[in-house]
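# Give the three-dimensional model of this entry:
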Amino acid sequence: MTTTLPVPTSSQIRPEIGSFQGHSLAIGRIRAFVTALVVAHHAVLAYHPWAPPHDSLLTQPRWWQAFPTADPQKWTGWALFTGFNDVFFMALMFFISGLFVWSSLERKGAGRFVRDRLVRLGLPFLLLAGLLAPIAYYPAYLQCAPAPTLADYCRQWFALGNWPAGPGWFLWVLLALGCLAAAVYKLAPRALPSVNHFAAPLLRRPAAFFVALAALSALAYAPMALALNPLRWTTWGPFTFQTSRIIHYALYFAAGAIVGAATGERSLLSPTGPLAKRWILWPIAALLAFVAVIAITIAAATNPAHPRSLDIIGAIGFSVSCAASSFACLALFLRFARSPRPLIDNFSACAYGVFIIHYPIVNWLQHALLGAQLSGVVKGAIAIVAGLALSWWAVYILCATREKLACHP
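Take a look at the predicted model:
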């Protein structure tokens, strides 16, 4: 007898849909799409032109934490793909996560909200950081150790001085922002609706909201990116974050909370609002903004003596490109994700599990492909498809097993 997992309905795609009853399908699919981008992003890093070979896990700089596998087969196209993703996809994930925070707080109260977040985010973070990350990084050790042993891997791992958590950083930062939102709600329960009241004119005018978000983002990101190395990460044990972007991400989370507090036609994400109606404009804006960022990056990289003003323009361009790409995703899904699609909706239901479990899967896939006589573009495509399929299948099987155990105590 086979056990099948029923395809979820649109109301089951996420446990918290807040005020988005009319278009939770689109929001769920945006989250699933960004999750798929995360998997694809990690799946092709081995074939990125910047992925360097590893001498040892302990050798500085420890690029293996960003590129666990360094395949000699490269493709420049993966640099453009990952560069485009890197500009916006994590900020958009924080924005989407913020959408449902205020309605959750109003429904549960601050105490229960924090307890639920500890279970939903804290426990998966412990799983990802404590178990899955060491498994995911083992291929990096295999590639640089002349005589690899599990004991030597553990020795090098504990000698690092920190505990690399891989993509788990997103979960603990999201948990921290959720706790901060709960504190604001506890101390000033009318704070966000008041802010939303003043922001209401912007919510009805996507272009104005875009300008405000991009400007505030530039103010949050540019000074830190200029003062610090934009690639720098702050690390304390398993708790890491990209230093120059932490305020930028918090801003997108707050922006999501403001948008989530609005309802009906006052919401930026109204399926009949101007953002959805003028969907064609936002992908064009996103493409133009990203091309501008690439041009500025190339100009700065090819001229070490470039003026400081070029770095400032580049940081502002990053903020504009991030907002434009985020708005493009929102507009496209609001416009076109309006009817159930069983296969896509099943992936939407599994997306959070896919995010948690995918990292060791894609890293071991890259390791398995090291000896294959294939080009970097082909290996990357295989890693994307197989990484998504295996991660999805694993979550599906786990859910099916849980359903079976629930039916047979």
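
# mean confidence for stretch 34-47?
For stretch 34-47, mean pLDDT rounds to 97.

# Any buried residues in that stretch, and which?
Residues of stretch 34-47 classed as buried by neighbour count (16 or more other C-beta atoms under 10 Å): 34-47. All C-beta spots, glycine's among them, are computed from the backbone N, C-alpha and C.

# Distance check, the most centrally placed residue in the chain against residue 193.
Centroid-nearest residue in the chain: residue 90, 3.5 Å away (criterion: C-alpha atoms, centre = their mean). Distance, residue 90 to residue 193, by C-beta to C-beta, to the nearest Å: 27 Å.

# where in the stretch 301-409 of the chain is pLDDT low?
403-409 (pLDDT under 70).

# 50 instead, please
Filtered on pLDDT under 50, the stretch 301-409 of the chain yields the residue ranges 405-409.

# who does the helix or strand containing residue 77 touch, helix- and strand-wise?
Under the criterion of DSSP states H and E, residue 77 resides in helix 76-99. Applying 3 or more C-beta pairs under 8 Å, 6 or more residues apart in numbering; DSSP states H and E, one finds that helix 76-99 makes contact with helix 24-44, helix 169-187, helix 246-261, helix 281-301, helix 308-336, helix 376-407.

# Out of those, flag the one nearest residue 99.
With C-beta to C-beta, the closest approach to residue 99 among the helices and strands packed on helix 76-99 belongs to helix 246-261: 3.9 Å.

# Tell me what angle the closest one forms with helix 169-187.
For helix 246-261 against helix 169-187, the angle by axes from the mean of the first three to the mean of the last three C-alpha atoms, to 10 degrees is 60 degrees.

# Check which residues of helix 246-261 are buried.
For helix 246-261, burial by neighbour count (16+ other C-beta under 10 Å) applies to 246, 248-261.

# what's the next helix or strand after that helix packed up against?
Next along the chain after helix 246-261, taking DSSP H and E as the criterion, comes helix 274-277. Packing partners of helix 274-277 (3+ C-beta pairs under 8 Å, 6+ apart): helix 308-336.

# Report all helices and strands that the helix or strand that the helix it packs on is followed by contacts.
Toward the C-terminus, helix 308-336 is succeeded by helix 342-368 as the next helix or strand (DSSP H and E). If contacts are counted by 3+ C-beta pairs under 8 Å, 6+ apart, helix 342-368 sits against helix 24-44, helix 133-144, helix 376-407.

# now the angle from helix 342-368 to helix 24-44?
Using the same axes, to 10 degrees: helix 342-368 against helix 24-44 is 10 degrees.

# what's the burial count for the closest residue to residue 254 other than its chain neighbours?
In this structure, residue 254 finds its nearest non-sequential neighbour in residue 98, 6.5 Å apart by C-beta to C-beta, 6 or more residues apart in numbering. Counted with other C-beta atoms under 10 Å, the neighbours of residue 98 add up to 25.

# hmm, back to that, let me have the helices and strands packed on helix 342-368 in a markdown table, extended by distance to residue 317.
Converted to a markdown table, the helices and strands packed on helix 342-368 look like this (distance: least, C-beta to C-beta, whole Å):
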| stretch | distance to residue 317 |
| --- | --- |
| helix 24-44 | 20 |
| helix 133-144 | 32 |
| helix 376-407 | 27 |
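
# Among those helices, which comes closest to residue 345?
Set against residue 345 and scored by C-beta to C-beta, these come closest in helix 24-44, at 7.4 Å.

# Taking helix 308-336 as reference, get the angle to the closest one.
Interaxial angle, helix 24-44 versus helix 308-336 (the same axes, to 10 degrees): 130 degrees.

# From the contact counts, what lies against helix 24-44?
Helix 24-44 packs on helix 76-99, helix 308-336, helix 342-368, helix 376-407, going by 3+ C-beta pairs under 8 Å, 6+ apart.

# Make CSV from the ones you listed and add distance to residue 231 to it.
As requested, the helices and strands packed on helix 24-44 are exported to CSV (distance: least, C-beta to C-beta, whole Å):
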stretch, distance to residue 231
helix 76-99, 10
helix 308-336, 13
helix 342-368, 20
helix 376-407, 22
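
# Of these, which is nearest residue 275?
By C-beta to C-beta (comparing all of the helices and strands packed on helix 24-44), the closest turns out to be helix 308-336, at 5.1 Å.

# That closest one vs helix 281-301, what angle?
Using the same axes, to 10 degrees, helix 308-336 lies at 160 degrees relative to helix 281-301.

# now, of the helices and strands packed on helix 342-368, which is deepest in the fold?
Most buried of the helices and strands packed on helix 342-368, by mean neighbour count (mean count of other C-beta atoms under 10 Å): helix 24-44, with a mean of 23.

# Using PDB, write out every CA atom in it.
Extracted in PDB, the C-alpha atoms of helix 24-44 (Å, rounded to 0.1, in the frame of the first residue of the first chain):
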ATOM      1  CA  SER A  24      -2.900  34.300  -0.100                       C
ATOM      2  CA  LEU A  25      -2.300  32.000  -3.100                       C
ATOM      3  CA  ALA A  26      -0.100  34.700  -4.800                       C
ATOM      4  CA  ILE A  27       1.800  35.400  -1.600                       C
ATOM      5  CA  GLY A  28       2.400  31.700  -0.900                       C
ATOM      6  CA  ARG A  29       3.800  31.300  -4.500                       C
ATOM      7  CA  ILE A  30       6.100  34.300  -4.100                       C
ATOM      8  CA  ARG A  31       7.500  32.700  -1.000                       C
ATOM      9  CA  ALA A  32       7.900  29.400  -2.900                       C
ATOM     10  CA  PHE A  33       9.500  31.100  -5.900                       C
ATOM     11  CA  VAL A  34      12.100  32.800  -3.700                       C
ATOM     12  CA  THR A  35      12.800  29.500  -1.900                       C
ATOM     13  CA  ALA A  36      13.400  27.900  -5.300                       C
ATOM     14  CA  LEU A  37      15.800  30.800  -6.100                       C
ATOM     15  CA  VAL A  38      17.700  30.100  -2.800                       C
ATOM     16  CA  VAL A  39      18.100  26.400  -3.700                       C
ATOM     17  CA  ALA A  40      19.200  27.300  -7.300                       C
ATOM     18  CA  HIS A  41      21.600  30.000  -5.900                       C
ATOM     19  CA  HIS A  42      23.400  27.500  -3.700                       C
ATOM     20  CA  ALA A  43      23.300  24.800  -6.300                       C
ATOM     21  CA  VAL A  44      25.400  26.700  -8.800                       C
END
